[in-house]
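K.L.:
my questions are about this predicted structure, shown below with the sequence.
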Amino acid sequence: MTPLLTVDRLVMRFGGITAIDGLSLEVPRGAITAIIGPNGAGKTTLFNCITGFYRPSAGRILLHEDDGSERDLTRLKGHRIAREARIVRTFQNIRLFGGMTVLENLLVAQHHALAQASRFALAGLLHTPGYRRAEREALEFARRWLAELGLTAVADTPAGALPYGTQRRVEIARALCARPRLLCLDEPAAGLNPRESAELNVLLTALRDEHGLTLLFIEHDMSVVMNVSDHVVVMNFGRKIAEGPPEAMRRDPEVIRAYLGEEDEEAADA
């Protein structure tokens, strides 16, 4: 599989603490890649570097364009990564606009296109034909994803009034409305019950298989990781300790040690 994204010898330091230490990995195009590891392994820090929330101390993050060129995301200002590179993320803690309806949350994700169509207010105030067309297209696009994710019935409900599992789906739908080429999900199964986790599995595989999306996600729920991932990268103490197919990672001694710890020699001898 050809890579969409390459992380090359990435380093992220916070004062005297090295959160990511010379990390290199590839995110295959059109596949689902899981990032796993113990708490404090540097997984969310990696996401923050990829999506522009942090500027790395060293290394490169290369986006491979369709024409064969490369773009180093570390040279882009953070706010331009979602808009220009179309790398979009969700967060471990849900960050919806609770007082807005579900539909309004999805329209917010399209604010840049609407702002351009409104000529940053004037055309919107005059309600020109061009702005009306852009507004109609944004509504249609939002409703498409509402239907795809089974959210049409709650489109006019304030997002903050929805059950937790439904809010997770709304957050993913909002990210999809930003038209990502790489969708980064930070613990999408966190807080979900077994039924909701199974539904998440179906959704993620559909995004890959039916929409051709590339997905990168952090997850502790191994049932999700093993069921949907094409490729798994295991981190510990800011470094990559293993990578490969899900089944191989389940059996890898380094992965087992990272999660369970070294066996005590005295206990082993007993």
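P.N.:
Nice, I can see it. Residues are numbered from 1 along each chain as shown.
K.L.:
off-centre distance for stretch 207-220?
P.N.:
8 Å (Cα atoms, centre = their mean, to the nearest Å).
K.L.:
what comes up buried for that stretch?
P.N.:
For stretch 207-220, the neighbour count (16 or more other Cβ atoms under 10 Å) marks 207-208, 213-219 as buried. In short, each C-beta sits where N, CA and C put it, glycine included.
K.L.:
reformat those as a markdown table; add distance to residue 91 and secondary structure.
P.N.:
Shown next, in a markdown table, are those (distance: Cβ to Cβ, whole Å; DSSP: H, G, I helix; E, B strand; the rest coil):
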| residue | distance to residue 91 | secondary structure |
| --- | --- | --- |
| 207 | 18 | helix |
| 208 | 21 | helix |
| 213 | 18 | coil |
| 214 | 19 | strand |
| 215 | 15 | strand |
| 216 | 14 | strand |
| 217 | 12 | strand |
| 218 | 10 | strand |
| 219 | 14 | coil |
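K.L.:
tell me the mean pLDDT for stretch 33-40?
P.N.:
On average, the pLDDT along stretch 33-40 is 94.
K.L.:
tell me how many other residues crowd residue 232.
P.N.:
Applying the criterion other Cβ atoms under 10 Å, we find 24 residues in the vicinity of residue 232.
K.L.:
sec struct for it, please.
P.N.:
Secondary structure for residue 232, judged by DSSP: H, G, I helix; E, B strand; the rest coil, is strand.
K.L.:
who touches it in this structure?
P.N.:
33-36, 225, 243-246, 249 (Cβ atoms under 8 Å, 6 or more residues apart in numbering).
K.L.:
kindly report the same for residue 208.
P.N.:
Here residue 208 is in contact with 30-32, 214-215, 230 (Cβ under 8 Å, 6+ apart).
K.L.:
which among those gets closest to residue 6?
P.N.:
Using Cβ to Cβ, residue 214 comes nearest to residue 6 of the contacts of residue 208, at 12.6 Å.
K.L.:
show me what that closest one bridges to in the sheet.
P.N.:
Beta-bridge partners recorded for residue 214 (DSSP bridges): residue 182.
K.L.:
pLDDT at it, what is it?
P.N.:
Note for residue 214: predicted pLDDT of 98.
K.L.:
one step back: which of the contacts of residue 232 are buried?
P.N.:
Applying 16+ other Cβ under 10 Å to these flags 33-36, 225, 243, 246, 249 as buried.
K.L.:
could I get the residues you listed as CSV with distance to residue 173?
P.N.:
Formatted as CSV, the buried ones among the contacts of residue 232 follow (distance: Cβ to Cβ, whole Å):
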residue, distance to residue 173
33, 21
34, 21
35, 22
36, 25
225, 22
243, 30
246, 26
249, 30
